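Participant: coords please:
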Amino acid sequence: MSKKRFGRLALAISALGLLISPFTSQALTPTFSVLYNFQPVVDSSQFVTLYDAQNHKKGEWNVGLYLDYAHQPLELASPVGVRQLGVVDGTIVANVLGSYGITDWFTVGARVPVVLFNNYEGLPNTPARALAEHDFSMGDVGLDLKFRLLSAKEGRIGLAVIPFLHFPTGRSTTFVGDGQVNGGAKVAFHADVHERVRLVANVGYLIKKGVVIRGLDADDQFQIGVGANVKIIKDKLDLIAEGHTETVAKDFFSNKIQTPAEVGGALRYHATKNLDFTAGGTAGLNHGYGSPDYRVFLGVNYTRHREDAPEPVVSKKDIIIKEKIQFDFDKSTIKSESFGILDNVVQILKENSDFKMVRIEGHTDSVGSDAYNQRLSQRRAEAVRQYLINKGIPASKLQAVGKGESEPLADNSTSAGRAKNRRTEFHVEN
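Facilitator: Below you'll find the model as predicted:
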């Protein structure tokens, strides 16, 4: 593992330690939440409840909303699984999602479940049974941190670690909240086995304070999920298949009631480059707690993408950039939106390290005096030169030259012409 990836992993482990540290606090009414079985991912993953390793780029963000109906997610049954009594006979939940790319390898996101309807019948022989709960309430708010360790750009695989935390904002007495702070971490792995097929696997561990209710021991969980995304119509329609299960760690897959499992599928329509709509459903594979007979859901996501800078075109004498280097008005400060363009130039220069010299030319329009424009163009060329030096290009191979308004490409009497004349050029001497 490279030092950079090791550093990301160390940061993720540190974050997990900070998340786990408050778990010793006491909760008033610890139970378990039936909402944990359907938790949509908070970022722009190619899946619904499973994370792939793809991350937001720095400055990208995503907002979304998922509505789901779960039929009979919690009930009392005889030892052979025959229903005796409903406890939670149905829920309608709106999951409000959001995420933001802090860096190209670190994303932070949150999930806010809003219970629109909870057909809570209660447990027999308890005071709560007389009070059916159908009213609006919250579920447990979730915080997910995603650290990308391996990018798909480095091959056809990706790897990320995701520490997560749940806050006790849900009503634990009606099983839409855990009544305690809990959390853990999961590892997300994906592989692109075809240009239109991505496979994914998530493995995680949830740490929580155990609670026993009518023989059900809700304690620490081992979690696993697998899925596939198939692009049926490229850039327009995806078919998604997912399956996941959780089991109480100390009774590892030995108790069906303590091992809920669901499988399902969805169609995702890419209405625009930024806007997606998802519709699908799942079925419970067993009588595990929180696993419904069936579930249906609808989702919408809007993702604000950061556009990658176009690759420079290299000729024998020039590096031609397809977008301009942007500076603050009347200054030589390079705007952050142009960093990607310059990073591409850096990559080209590193791949062609046998060049003798690169002359960085700054050009302006004719607004202002000749002398002022000459000084401004020189300062801007020097700023670009310094950026390349900071990125590892030898200073001895870089020359900054200000041309001012002396070499216009277009008519300075029009705004379009002046915009064309304000430019930075890279001329290579081999």
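
Participant: now do residue 422 against residue 416, distance only.
Facilitator: Using CB to CB, to the nearest Å, one gets 11 Å for the distance from residue 422 to residue 416. From N, CA and C alone the C-beta is placed, and that goes for glycine too.

Participant: for stretch 172-185, what is the average pLDDT?
Facilitator: Per-region confidence: stretch 172-185 scores 90 on mean pLDDT.

Participant: now do it: distance from first to last residue.
Facilitator: Between the opening and closing residues of stretch 172-185 there is a gap of 23 Å (CA to CA, to the nearest Å).

Participant: residues of that stretch that come out buried?
Facilitator: In terms of neighbour count (16 or more other CB atoms under 10 Å), stretch 172-185 has its buried residues at 172-185.

Participant: between residue 422 and residue 416, which one's more packed in?
Facilitator: Higher neighbour count among residue 422 and residue 416: residue 422, with 21 against 9, using other CB atoms under 10 Å.

Participant: what's the neighbour count on residue 215?
Facilitator: Other residues near residue 215 number 8, with proximity taken as other CB under 10 Å.

Participant: gap between it and residue 257?
Facilitator: Distance check for residue 215 against residue 257: by CB to CB, it reads 8 Å.

Participant: same question for residue 265.
Facilitator: Distance of residue 265 to residue 257, computed by CB to CB: 26 Å.

Participant: what's the answer for residue 118, then?
Facilitator: Counting by CB to CB, the gap between residue 118 and residue 257 amounts to 21 Å.

Participant: what about these two, which has more around it?
Facilitator: A count of neighbours by other CB under 10 Å puts residue 118 above the other of residue 118 and residue 257, at 24 against 19.

Participant: can you verify my assumption that the more buried one contacts residue 177?
Facilitator: No: Residue 118 is beyond contact range of residue 177, at 10.9 Å (criterion: CB atoms under 8 Å).

Participant: what separates stretch 339-358 from the chain centre, distance-wise?
Facilitator: The gap between where stretch 339-358 is centred and where its chain is centred comes out at 31 Å by CA atoms, centre = their mean, to the nearest Å.

Participant: could you list the buried residues of that stretch?
Facilitator: Of the residues in stretch 339-358, those scored as buried under the neighbour-count criterion (16+ other CB under 10 Å) are 339, 340, 341, 342, 344, 345, 346, 348, 349, 358.

Participant: what's the answer for stretch 259-268, then?
Facilitator: Using 16+ other CB under 10 Å as the test for burial, stretch 259-268 gives 259, 260, 261, 262, 264, 265, 266, 268.

Participant: confirm that the fourth one sits in a strand.
Facilitator: Which is residue 262. Yes: according to DSSP: H, G, I helix; E, B strand; the rest coil, the state of residue 262 is that of a strand.

Participant: between the buried residues of stretch 339-358, which is closest to residue 69?
Facilitator: Of all those, residue 69 sits closest to residue 340, with 43.1 Å by CB to CB.

Participant: now the strands for the stretch 301-430 of the chain?
Facilitator: All strands of the stretch 301-430 of the chain, identified by DSSP state E, counting those that start in this stretch, fall at 313-314, 318-320, 357-363, 398-404, 423-429.

Participant: same question but for the stretch 1-150 of the chain, I mixed them up
Facilitator: 61-77, 83-101, 106-120, 137-138, 142-150.

Participant: so the first one versus strand 106-120, what angle?
Facilitator: Between strand 61-77 and strand 106-120, the angle comes out at 40 degrees (axes from the mean of the first three to the mean of the last three CA atoms, to 10 degrees).

Participant: give me the helices and strands touching strand 61-77, please.
Facilitator: When contacts are defined as 3 or more CB pairs under 8 Å, 6 or more residues apart in numbering; DSSP states H and E, strand 61-77 packs onto strand 83-101, strand 294-304.
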